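*Asks:* let's see this in three dimensions:
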Amino acid sequence: MLAETFLKGFLLGAGLIIAIGAQNAFILALGLKRQHAMKAALVCAASDTLLIVLGVAGLGALIASNPTATTVAAVGGAAFLLGYAVLALKRAIAPKHLEAAQAPSAKWPVILSQTLAVTYLNPHVYLDTVVMLGAISAQIDQTVRPWFAVGAAAASFSWFIALAGGASLLAPYLARPVTWRIIDALTALVMIVIAWRLLAPYVP
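*Replies:* Numbering: from 1, shown residues only. The predicted structure follows:
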């Protein structure tokens with residue numbers, strides 16, 4: 001039960017995080033320029049963890065206390081995941097390459113402020129962590145729910161650390177459309193499977 005819950009959180013967190021986006025492009029750029037990439041990656045992952053915990057402990061608990069809200073969250077969450085899967089499939093059909101952001105200042109205070117901005121000023125971060133993960137966690141038994149958050153946080157730390165640490169090695173591959181075709185196809189599959197699991201209890 002614990003392992004399954006952890007894995008569910010990890011897979012869903014990975015599916016939401018591993019996509020072409022502002023944070024990934026920013027960390028990749030820092031890695032290519034060797035400018036505090038690992039520090040910035042840890043800030044991104046720690047920020048994700050904070051928002052995940054807020055979603056799971058706050059919004060998730062609020063939704064779980066209301067059966068109607070739980071149903072709405074399950075159906076709404078599944079609809080969002082299916083929509084996300086459709087977008088991922090579209091990207092898989094017509095993949096793009098990941099473009100590194102403009103090289104930032106090498107000074108850590110400046111990079112830190114840019115990292116916080118690209119994280120907390122990005123509405124998708126809140127949608128993915130607080131809203132999406134929080135709503136989905138409401139479907140999980142409260143006794144093991146923290147493991148869902150741990151799994152999602154582990155996915156964030158694993159991805160950002162790997163991206164920062166291997167940026168110079170990964171860049172040529174991440175720049176290839178075929179790589180993101182595979183990533184987006186797998187992301188779509190994960191989203192569809194989790195959406196079905198959310199809807200299954202309500203399907204006669």
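*Asks:* check the burial of R197 by counting its neighbours.
*Replies:* Residues lying near R197 (other Cβ atoms under 10 Å) number 15. For the C-beta atoms, the positions are set from N, CA and C on the backbone; glycine is no exception.
*Asks:* equivalent analysis for G77, please.
*Replies:* Neighbour count for G77, taken as other Cβ under 10 Å: 25.
*Asks:* repeat for V75
*Replies:* Neighbour count of V75, defined by other Cβ under 10 Å: 14.
*Asks:* can you tell me how far it is from V110?
*Replies:* Using Cβ to Cβ, to the nearest Å, V75 is found at 44 Å from V110.
*Asks:* where does the protein have low pLDDT?
*Replies:* The chain contains residues with pLDDT under 70 at 19-21, 59-61, 63-65, 95-105, 123, 171, 174-175.
*Asks:* do you have the helices of it handy? List them.
*Replies:* Here the chain has its helices, by DSSP state H, at 2-17, 22-33, 37-54, 60-64, 67-93, 108-120, 123-126, 134-137, 145-165, 167-174, 177-199.
*Asks:* out of these, deepest packed?
*Replies:* Neighbour counts (mean count of other Cβ atoms under 10 Å) averaged over each of the helices of the chain peak at helix 134-137, with a mean of 27.
*Asks:* OK, contacts around L89?
*Replies:* Residues in contact with L89 (Cβ atoms under 8 Å, 6 or more residues apart in numbering) are 184-185, 188.
*Asks:* tell me how far it lies from L189.
*Replies:* In terms of Cβ to Cβ, L89 sits 9 Å off from L189.
*Asks:* likewise for I27?
*Replies:* Remark: distance between I27 and L189 (Cβ to Cβ) = 25 Å.
*Asks:* and for F148?
*Replies:* According to Cβ to Cβ, F148 and L189 sit 20 Å apart.
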